[in-house]
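Q: what's the 3D shape of this:
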Amino acid sequence: MSESPQKVGCATPLGCCGCGCLGALAVLSLGLAGVGFLVWTGIRASGAFRSYHLAVEVLEHNPVVVERLGDPLRPGWLSQLRFQENEEAGWVCLSFLITGAQRTGDVTVESERGAAGSEWYLRDVQVKVDGDPNPIQVIGSEERGSRCRQAEPDSEWQPEADI
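A: Numbering: from 1, shown residues only. Here you go, the predicted model:
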């Protein structure tokens with residue numbers, strides 16, 4: 001007497017109640033897409049996203065940056081990000097690569113805003129071009145210094161008093 005092989009579908013171990021592998025994958029995919037959408041929405045609403053786009057816009061319109069890197073400029077992904085936002089104030093420190101037709105540079109950005117709902121503004125934008133010892137100070141002043149370059153990662157940011 002020959003035994004017939006027992007058929008086990010992938011729905012059985014997943015406990016899909018007969019919806020099959022395709023149904024399980026569809027449910028999992030929709031769940032991951034939902035989580036991804038929520039994360040992306042949160043990032044787009046943050047000061048980090050706004051600061052990144054403000055910096056890219058400023059760099060694309062800066063003749064010194066365009067001349068030294070080469071046109072067109074292509075901004076890269078964030079390589080460093082530190083930020084704090086609450087109802088009273090917000091600050092962002094971020095870094096990313098920017099690539100031109102001839103060279104690449106490291107961009108450091110410091111931005112801040114006042115009370116929640118107020119506009120973000122760039123305090124300091126600097127580009128260190130590969131192979132060039134002289135950075136391009138796009139916004140801000142090297143003498144004043146940047147809180148982002150001075151601050152330790154775990155330090156608490158305190159707004160400067162206006163004098």
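Q: Look up which residues are beta-bridged to the nearest residue to residue 64 once chain neighbours are set aside.
A: Residue nearest to residue 64 in three dimensions, not counting chain neighbours: residue 136, with 5.6 Å by Cβ to Cβ, 6 or more residues apart in numbering. Quick note: C-beta positions are derived from backbone N, CA and C, even for glycine. Taking DSSP bridges, one finds residue 127 as the beta-bridge partners of residue 136.
Q: what residues are up against residue 136?
A: 62, 64, 65, 68, 105, 126, 127, 128, 129 (Cβ atoms under 8 Å, 6 or more residues apart in numbering).
Q: What helices and strands are in contact with the helix or strand encompassing residue 53?
A: Assigned by DSSP states H and E, residue 53 belongs to helix 47-60. The helices and strands touching helix 47-60, judged by 3 or more Cβ pairs under 8 Å, 6 or more residues apart in numbering; DSSP states H and E, are strand 74-85, strand 90-99, strand 104-113, strand 121-129, strand 136-139.
Q: 10 Å - rerun?
A: helix 20-45, helix 63-69, strand 74-85, strand 90-99, strand 104-113, strand 121-129, strand 136-139 (3 or more Cβ pairs under 10 Å, 6 or more residues apart in numbering; DSSP states H and E).
Q: in its sheet, what does the fifth one sit against?
A: In this case it means strand 104-113. Partners of strand 104-113 in its sheet, by DSSP bridges: strand 90-99 (antiparallel), strand 121-129 (antiparallel).
Q: I'd like to know which of those strands is closest to residue 75.
A: Nearest of these to residue 75, taken as Cβ to Cβ: strand 90-99 at 5.1 Å.
Q: Report the mean per-residue pLDDT for that closest one.
A: Strand 90-99 carries an average pLDDT of 93.
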